[in-house]
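[1] just need the structure, nothing else, for what follows:
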Amino acid sequence: MQDYQGNNGQPNDSNPYQQPQADVMPPRPESTLVINAPRGRDVGAGWRWISDGWRIFCNAKAVVFFGAVLLWLISGAIQQVPLLGILASFILAPVFSAGLLMLAYNADEQQSPRIGNIFRGFQEQFTPLLLLGLSYLGLFLGALIVGGIIGYLLFADMFSAMLNMAMSEQPGFPGGEGVLLRMVLLALIMAALFIPAMALYWFAPALVFFGKRPVGEALMMSLRGCLSNIMPMLWYGIAVVLLVILLMLPSLVLMLVAAALGAGVAAYILAWLPSLGFFLVLFPVLAVSYYSSFRDIYTDSL
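    Below you'll find the predicted structure:
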């Protein structure tokens, strides 16, 4: 032992069999997402985003699940505050989205995600995200106001007739000419207003948070990304609807069986439990798939 230890009892550098003193497995460094101009993806990308969301969810099931649920609960609690809660939910939406994105990113990179990641938007890019939230609120209110004005012009004669009938205390409801046609037209106009507003905002939180883009540039890049991927995003939406219907089928079948057997209220409540269990998994997977769609469109890898 005299040959391998010095006077202080520590291993001597000349010992060829001593355990390496350097950390041979250092912590994996946090990689950086390189944000590019949006690229168009094939139609099948819509389903790949969902399947990739499942892969990321499986990397850290408990953390992703509880993180997504906690964000949903916090957002819901904020919305319960009269008037100010609705406004605050719009303004803080990008901040919460950044937290979800960070949670998904760490799970994707296998960098030990923590539930605390959902508050990352309050620590990084907070001011730009708040400005984006104000822009989101402005887009929503702008579309709502314009749609309201158009709706009033379309139904002005009906509103006038309803007012006259109320003042004369005459029962009934004024039909007007082409009411159904005008309702369909108004629905199309509202869609034409709100869909572009949502396209402007959709990827903007990720572009501000990950790409450090200014708010205006992020909004325009988000719009271009959505316009370049209309078909995969449409297929994504259809796939989500189909998954929801599929997950509801077991409960619907059980409810039909309960109705045929004349079961009580408790049986109907129990019939919903299978679908509830499925939704508890589907909800965080779909939340993470938002990150997957952003990464697929704006970076070089999914």
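[2] just the buried positions in the lengthiest helix in the chain, please.
    Secondary structure of the chain per DSSP state H: the longest helix is helix 230-261. Neighbour-count burial for helix 230-261, counted by 16 or more other C-beta atoms under 10 Å, picks out 232-233, 235-236, 239, 243, 247-248, 250-251, 254-255, 258. (Each C-beta comes from the backbone N, C-alpha and C, glycine too.)
[3] hang on, Pro38 in a helix?
    No: assignment of Pro38 by DSSP: H, G, I helix; E, B strand; the rest coil gives coil, placing it outside any helix.
[4] now it, nearest residue through space, not along the chain?
    Leaving aside its chain neighbours, Pro38 sits nearest to Gly225 (3.5 Å; criterion: C-beta to C-beta, 6 or more residues apart in numbering).
[5] and the one you found, how many residues sit next to it?
    25 (other C-beta atoms under 10 Å).
[6] tell me the pLDDT of it.
    On the pLDDT scale, Gly225 is placed at 95.
[7] then the one 3 residues further on?
    Predicted confidence (pLDDT) at Ser228: the value is 94.
[8] show the pLDDT at the closest residue to it other than its chain neighbours.
    Spatially, and ignoring its direct neighbours in sequence, Ser228 is nearest to Gly40 (4.1 Å; C-beta to C-beta, 6+ apart). We have a pLDDT of 93 for Gly40.
[9] what's the answer for the one 4 residues further on, then?
    Model confidence at Gly44, given as pLDDT, is 92.
[10] ok, Met1 next?
    According to the prediction, Met1 has pLDDT 40.
[11] still on that earlier bit, so can I have JSON lines of the buried residues of helix 230-261 showing pLDDT?
    Listed next are these as JSON lines, based on pLDDT from 0 to 100:
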{"residue": "Pro232", "pLDDT": "95"}
{"residue": "Met233", "pLDDT": "94"}
{"residue": "Trp235", "pLDDT": "94"}
{"residue": "Tyr236", "pLDDT": "95"}
{"residue": "Ala239", "pLDDT": "93"}
{"residue": "Leu243", "pLDDT": "90"}
{"residue": "Leu247", "pLDDT": "83"}
{"residue": "Met248", "pLDDT": "83"}
{"residue": "Pro250", "pLDDT": "80"}
{"residue": "Ser251", "pLDDT": "78"}
{"residue": "Leu254", "pLDDT": "79"}
{"residue": "Met255", "pLDDT": "78"}
{"residue": "Ala258", "pLDDT": "74"}
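[12] now stretch 52-63: average pLDDT?
    92.
[13] before we move on, the earlier item: the residue nearest to Ser228 and Gly264: what is the separation?
    Separation of Gly40 from Gly264 (C-beta to C-beta, to the nearest Å): 54 Å.
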